[in-house]
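1. Any chance you can model this:
(2 chains)
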Amino acid sequence: MHPTVDEQLTGALRLLDVLQTEDELSPAGQEVLTNVRRLLGKVQRSWAAQLPFHTADNAELTALLVRTAPLVDPSLVPADDVIPPLDAVAVATRNAQLRALLSQVVTGLPHTPEGDAARAAIADHLRHRVDTDPT
Amino acid sequence: MSDESTATLHRLQAFLAGQEGTAGTRITDLRRAGAGRSRENWLFDLVGPGPQDREPLILRSDPDGGLVDTSRAQEFAVLRALEGSDLPTPRVRWLDATGAQLGSPSLLMRREPGTCDYRVVNGDRPEAERLALAESFCDLLADVHGVDWRALGLHDVLPDPGDHAARHELDHWEQVLRQNQLEALPELDLAIDWLRTRARPSRRTVLVHADYKPGNILLEGDQVSSLLDWELAHLGDPLEDLGWVTQPLRAGEHLIDGVWTAGDLLARYAAATGLHVEEGELRWWVVFSTFKTAVMQVSGLRAFIEGRSDEPYRPTRRVLATLLAALTED
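-> Got it, this is the predicted structure:
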């Protein structure tokens, strides 16, 4: 169990803190170190939340595409693929596939009241997604 | 001196030896500006041939990867043309357009006096001084837009989009997005759809700086000494720069809460240029500016992932949220 992912990331950040106090570090080295810390910090804050986030977003995206894709092309409605629910990579890959379908829908929506309503629903979804994306 | 500095010094020496007016000169104080592979600016002085001769210079080379690819040759030509104007721009000296001698496409220009402070308008100076600076930045933008680009021959360097500047810029930045995106980004596709259906013809064509900000302005005390970073400059709609400086993402760099608002800026700009702009009319360019910022981040992300840049850019929550809010505010 130990070290956990969190413990390893915390440890890596602590070691970088040690390095950052070194007097010999050049400004260029300091900047690179700062970027490494930012990246590791993001991973630390988000890794555990990614699977539930993608799982929930996939469900919302599927429902959204079922409602909006027929306005553009019925073949853009996602198939009922079975994704292993605990396979984080598979769930993330599915998320990217669904977002690609959504991009195609956005690009093809007609400029009609139905199309505008679909745009509004898509914008609502994307705003919620941006607000809740842990990455 | 690092291996990289030594290699740069040798390349510079060989390059300058072949240029006019450099006989008897030598390079001193060569050092890199900034850090990482995203920035390829080198500072040095060219000393001689007389005992008192010293010219501070900067070498700007194309990085392996950055926020956006631009042309050093075009930047050189724009700056050379602007030397015939009253704008405070750095003097360009030499160009290696292909990078055959300096390793990558590069230009050398004079290092102008002064310092940059991208937060100066909301910094530590007294409010009256900050307001005066904000007003002078507005006046300088009006001066940029007032440049007689035809007389300076800038249309030989930069394409004139006519009154289709909005569509022209949208096409360009959509192309940058398509070249660089690693995955579907429906947020940006939604923005493109919004922008494409609402683009308006421009009322006049001016020289657009396209990255106008205090961070690109050198100050000596309270006086502007130079306006830098012309790599994105093009002919287009003056509302483009006005949208860039009034967009929510940049408000902290250009506006002062309760003292210098977007309305104040537009009023002063109108008094200087005769171009009256309603904030509603600016909305397209404000949305476009946020979209362009997101595209730059997408480009920067690709450069980082491909190992061409050390800056871990990404489309940020702040930029995407601001963009989506701007699209859906009515």
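2. which residues touch the residue lying closest to residue B:139 once chain neighbours are set aside?
-> In space, and not counting its chain neighbours, residue B:139 is closest to residue B:272: 6.0 Å by Cβ to Cβ, 6 or more residues apart in numbering or on different chains. (C-beta placed from N, C-alpha, C; glycine too.) Neighbouring residues of residue B:272 by Cβ atoms under 8 Å, 6 or more residues apart in numbering or on different chains: B:138-139, B:142, B:146.
3. Which single one of those residues is nearest to chain A?
-> Nearest to chain A among the contacts of residue B:272, counting by Cβ to the nearest Cβ, is residue B:138 at 32.3 Å.
4. helix, strand or coil for residue B:219?
-> Assigned by DSSP: H, G, I helix; E, B strand; the rest coil, the conformation of residue B:219 is strand.
5. Let me know how buried the closest residue to it other than its chain neighbours is, in neighbour terms.
-> Leaving aside its chain neighbours, residue B:219 sits nearest to residue B:114 (5.2 Å; criterion: Cβ to Cβ, 6+ apart). By other Cβ atoms under 10 Å in any protein chain shown, 16 other residues sit near residue B:114.
6. so residue B:114 touches residue B:226, yeah?
-> Yes: Residue B:114 lies in contact with residue B:226 (Cβ atoms under 8 Å); the separation is 6.2 Å.
7. so what sits against both of these two?
-> residue B:218.
8. The chain: helices as residue ranges?
-> No chain was given, so I picked chain A. In chain A, the helices defined using DSSP state H lie at A:5-20, A:27-68, A:88-108, A:113-132.
9. Chain B is the one I meant
-> Using DSSP H, helices in chain B cover B:3-17, B:72-82, B:127-146, B:165-180, B:186-198, B:238-246, B:251-254, B:262-273, B:279-305, B:317-327.
10. so which pair among the contacts of residue B:272 is furthest apart in space?
-> B:138 and B:146 (12.6 Å; Cβ to Cβ).
11. related to what we said a few turns ago, quick one: which of the helices of chain B is nearest residue B:204?
-> Of the helices of chain B, nearest to residue B:204 by Cβ to Cβ is helix B:238-246, at 6.5 Å.
12. Mind giving me the packing neighbours of the closest one?
-> helix B:127-146, strand B:206-208, helix B:251-254, helix B:262-273, helix B:279-305 (3 or more Cβ pairs under 8 Å, 6 or more residues apart in numbering or on different chains; DSSP states H and E).
13. Can you dump the C-alpha atoms of that helix in PDB for me?
-> Extracted in PDB, the C-alpha atoms of helix B:238-246 (Å, rounded to 0.1, in the frame of the first residue of the first chain):
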ATOM      1  CA  PRO B 238      -8.500  48.400 -35.400                       C
ATOM      2  CA  LEU B 239     -11.200  46.800 -33.300                       C
ATOM      3  CA  GLU B 240      -8.900  43.700 -33.100                       C
ATOM      4  CA  ASP B 241      -6.400  45.500 -30.900                       C
ATOM      5  CA  LEU B 242      -9.200  47.200 -28.900                       C
ATOM      6  CA  GLY B 243     -10.900  43.800 -28.300                       C
ATOM      7  CA  TRP B 244      -7.500  42.400 -27.200                       C
ATOM      8  CA  VAL B 245      -6.900  45.100 -24.600                       C
ATOM      9  CA  THR B 246     -10.500  45.200 -23.300                       C
END
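14. list the buried ones in it?
-> B:238-246 (16 or more other Cβ atoms under 10 Å in any protein chain shown).
15. what's the burial count for the residue of chain A found nearest chain B?
-> In chain A, the residue that lies nearest chain B is residue A:28 (3.4 Å; Cβ to the nearest Cβ). By other Cβ under 10 Å, the residues close to residue A:28 number 17.
16. how about the residues of chain B near chain A?
-> Contact residues (Cβ under 8 Å from any Cβ of the partner chain) of chain B with chain A: B:32, B:34-36, B:183-187, B:189-190, B:192-193, B:197, B:310-312, B:317, B:320-321, B:324-325, B:327-328.
17. Could you tell me which of these count as buried?
-> Neighbour-count burial (16+ other Cβ under 10 Å) is assigned, among these, to B:32, B:35-36, B:184-187, B:189-190, B:192-193, B:310-311, B:320-321, B:324, B:327.
18. farthest residue from the center of chain B?
-> residue B:51 (36.0 Å; Cα atoms, centre = their mean).
19. Verify the stated contact: the residue of chain A closest to chain B with residue B:32.
-> Yes: here residue A:28 reaches residue B:32: they are 7.1 Å apart, a contact under Cβ under 8 Å.
20. So which bits of chain A are right by chain B?
-> Residues of chain A lying near chain B by Cβ under 8 Å from any Cβ: A:26-32, A:35, A:38-39, A:96, A:99-100, A:102-103, A:106-107, A:109, A:111, A:119-120, A:122-124, A:126-127, A:130-131, A:133.
21. again, only this time at 7 Å
-> A:27-28, A:31-32, A:35, A:38-39, A:96, A:99-100, A:102-103, A:106-107, A:111, A:119, A:122-123, A:126-127, A:130-131, A:133 (Cβ under 7 Å from any Cβ of the partner chain).
22. Of these, keep whichever come out buried.
-> Buried members of the residues of chain A next to chain B, scored by 16+ other Cβ under 10 Å, are A:28, A:31-32, A:35, A:99, A:102-103, A:106, A:119, A:122-123, A:126-127, A:130.
23. Nearest to residue B:24, out of those: which one, please.
-> Out of those, the member with the shortest distance to residue B:24 (by Cβ to Cβ) is residue A:28, at 32.7 Å.
24. So the closest one versus residue B:43, what's the distance?
-> Relative to residue B:43, residue A:28 is positioned 14 Å away (Cβ to Cβ, to the nearest Å).
25. Next up, the contacts around residue B:288.
-> B:169-170, B:195, B:243 (Cβ atoms under 7 Å, 6 or more residues apart in numbering or on different chains).
26. Make CSV out of these and add pLDDT.
-> Compiled in CSV, those are given as follows (pLDDT from 0 to 100):
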residue, pLDDT
B:169, 98
B:170, 98
B:195, 97
B:243, 97
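27. Leaving out chain neighbours, which residue sits closest to residue B:293?
-> In space, residue B:293 is closest to residue B:319, 5.4 Å off (Cβ to Cβ, 6+ apart).
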